[in-house]
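[1] Predicted model and sequence follow; I will ask about them next.
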Amino acid sequence: MSGRNDERTVERMSLWQRVEHGLLALCVILLVATGLALFYKNAGLVGLMGGFEGGKLLHKVAAVGLVASGLLHLLGLLLSKSHKADFAGLALRGGDFADALSGIRYELSGGKGVEPRYGRFTPLQKFQYWGIVLGCLLMALTGCIIWAHQAGVSVSLGLFNLMAVIHSNQAQLIFVALLLWHLYDVHIGNGNFPMNPAWLTGRMRESVYRRQHRNAAPEGGKA
Amino acid sequence: MKVSTRRGLPAAHLFGALTAALLFTGTAAFAQATDDLRCLGCHGKPGFQKRMESGQVLDLFVDPSLLRLSSHKERKCVDCHADVAEVPHKERPGRVNCRRCHYQDNQTGAPQTKRYLQFEDSVHGKALKSGSPKAPICQDCHGDHSILPGTDPRSSVAHAQVPHVCGTCHIQVFGKYRESAHGKALAKGVKDAPVCTDCHGEHTIAKPGEGASSVNALNISNTCARCHASVAIMEKYGVEAGQVATYEESFHGIANEFGVKKAANCASCHTAHDILPASDTRSTIHPSNIPTTCGKCHPGANAEFAKGRMHINPKDKSAGLVYWVAFAFKILTIGTLVGLFIHIGMDLFRQIKERREGASGHGHDGEVA
């Protein structure tokens, strides 16, 4: 537990998780950028991607990368005990919504009353994780059907239209909920400015961790 | 007594000049009448014709009544047939060259327009330049002795006449057009019904493969949109005006806008000249024909492929489930955005509070030095 400027740090992400996260982040950014640039006909961005065909190819390559990051995640869960423990910590509990609400109440009251204590993952982090899981599954499913339709598999127009509307709207939700919200949290919010380095080094400052997790002590040296 | 003008021209000279001018004008008018009468002496006789060596019979009759109606009624025969110098003609007169008068910045009284130059760059003008015997010249479309402005319904280039004129060469296309929704509408007298020139242009006609062509794969949706995106025109005939917008927002439309020529455009599905309503079993967009139509690009298209609607607008309730899904996502996204703003507000509020407390000497409980 040592780090920059002799400040104590805690481990947040293993190398495997960092690779997985890096691949996921790269692919999601590429998918959102290429997808929304084409959807909203942003000529500048589409030009940067090498035109429509270039953007389409990049979108499909990133889509394969996204699925690969999902498979990497599943493989990690199968092979690593700490990943399994993380996954167990991310499981949604009935009390998560209540915890989130009590946290909001605590903030709005200006720090009065009982301060909620979170475990290794805050309710918001849990919601974001499951948002990513569900979002990626939905995007992959709808994307595969759209891709199959273009490739010549006979998909009814009705189903195709439904898949297309889900795919494009889900992409916008992902942009708002995951990219904007998550980027705010790890770069600006919760005292992380200018950046929570966990995604690169695997560790973060213990003081920040304690603040974000409502003074929860790092579990067994791993937070 | 001498009367002089302000410029000092003697009155007698002025009188002489005026008399000469009147005489000249009168002579010219007389000469024109005489010239035309001489021409019409033969050409004005019904049945006046010549048998060529090839056996072909040339009809050389010119109806004087048509001449009197035409835009060129003030012109002499020899103004156009400039190579005719003697009667009877020793040699067969050549083709009339309209460009003797019709050129840009002309002083002949012909209309001032860019069309003359545009024609040279058109598919017809290029064919003419290359020496093609099939290339049309002005009079093939505009007529010869009965030339009238296009606004005159009797003109060969009047709106309703255009398909017939183009059809004299483009026979097969004319046959298809006549049976199409557009052709039938024109036959019923619908003035909004598009004719050849509405889609292809007039003097600017280019091959569809050329970028400048209004029916080029990348331009055709804009050409169709001129009428089909107009609510004012479409609602008169009970046709949905939103089809252009839904196409532009579709995968096909987006690809087309970014220059992908193979992406389906209006004509890819509706055809160019055989356009028929979806209810017509001959239509390429009739449900029974959709697998074939879509199959041109999507080889796996079958009857299943045809189930559902094209041109749906997710913002319109008529889209059914697609509308409600889009609506639910809209609420969810706006809700999330609102949640994000609240989250940011609360976080900033906390950070400011902590800084103030830090400045006044109160550290955070969880801070580890």
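    Noted; the coordinates are in hand.
[2] Please tell me how far the most centrally placed residue in chain A sits from A:Gly22.
    Centroid-nearest residue in chain A, with Cα atoms, centre = their mean: A:Ile132, separated by 5.1 Å. Computed as Cβ to Cβ, to the nearest Å, the A:Ile132 to A:Gly22 distance reads 14 Å. Heads up, the C-betas are built off the backbone N, CA and C, glycines and all.
[3] Next: B:Lys207.
    Taken as Cβ to Cβ, the span from B:Lys207 to A:Gly22 is 51 Å.
[4] tell me which parts of the stretch 151-300 of chain B are close to chain A?
    When proximity is defined by Cβ under 8 Å from any Cβ of the partner chain, the stretch 151-300 of chain B lies next to chain A at B:251, B:254-255, B:257-260, B:298-300.
[5] residues touching B:Ala135, list them.
    B:124-125, B:127-128 (Cβ atoms under 8 Å, 6 or more residues apart in numbering or on different chains).
[6] So for A:Gly87, what's the nearest residue that isn't a sequence neighbour?
    Wrong residue type there; residue A:87 is Phe, not Gly. A:Leu77 (5.6 Å; Cβ to Cβ, 6 or more residues apart in numbering or on different chains).
[7] in the helix or strand the one you found falls within, what counts as buried?
    Using DSSP states H and E, A:Leu77 sits within helix A:51-79. Buried residues in helix A:51-79, counted by 16 or more other Cβ atoms under 10 Å in any protein chain shown: A:51-52, A:55-56, A:58-59, A:62-63, A:65-67, A:69-70, A:72-73, A:76.
[8] just these that are near chain B?
    A:51-52.
[9] Same list, the residues of the stretch 151-300 of chain B next to chain A, but as CSV with neighbour count please.
    Below are those laid out as CSV (neighbours: other Cβ atoms under 10 Å in any protein chain shown):
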residue, neighbour count
B:Phe251, 18
B:Ile254, 21
B:Ala255, 20
B:Glu257, 18
B:Phe258, 20
B:Gly259, 14
B:Val260, 17
B:His298, 19
B:Pro299, 11
B:Gly300, 16
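[10] Narrow the residues you listed to those in strands?
    Judged by DSSP state E, strands contain none of those.
[11] Most neighbours of all the contacts of B:Ala135, which one?
    Neighbour counts for the contacts of B:Ala135 (other Cβ atoms under 10 Å in any protein chain shown) peak at B:His124, which has 22 neighbours.
[12] How about it: what's its closest non-neighbour residue?
    B:His124 sits nearest to B:Pro136 (Cβ to Cβ, 6+ apart), 5.2 Å away.
[13] Could I get the phi/psi values of the one you found?
    Note on B:Pro136: its backbone torsions stand at phi -80, psi 150 [degrees, to the nearest 10].
[14] Tell me the confidence at it?
    On pLDDT, B:Pro136 comes in at 94.
[15] With B:Phe174 instead?
    Note on B:Phe174: pLDDT of 97.
[16] close enough to count as contact, it and B:Pro163?
    Yes. If you go by Cβ atoms under 8 Å, B:Phe174 and B:Pro163 touch, sitting 5.9 Å apart.
[17] Return, as residue ranges, the portions of chain A with sub-threshold pLDDT.
    Chain A contains residues with pLDDT under 70 at A:1-6, A:110-111, A:214-223.
[18] quick one: the helices in chain A?
    Secondary structure of chain A by DSSP state H: the helices cover A:15-39, A:43-48, A:51-79, A:81-90, A:95-108, A:123-151, A:157-174, A:181-187, A:198-201, A:206-212.
[19] Find the closest residue to chain A in chain B.
    B:Gly308 (2.9 Å; Cβ to the nearest Cβ).
[20] Please enumerate the strands of chain B.
    B:49-51, B:57-59.
[21] can you list those strands in JSON lines and add mean neighbour count?
    Formatted as JSON lines, the strands of chain B follow (neighbours: other Cβ under 10 Å):
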{"stretch": "strand B:49-51", "mean neighbour count": "10"}
{"stretch": "strand B:57-59", "mean neighbour count": "10"}
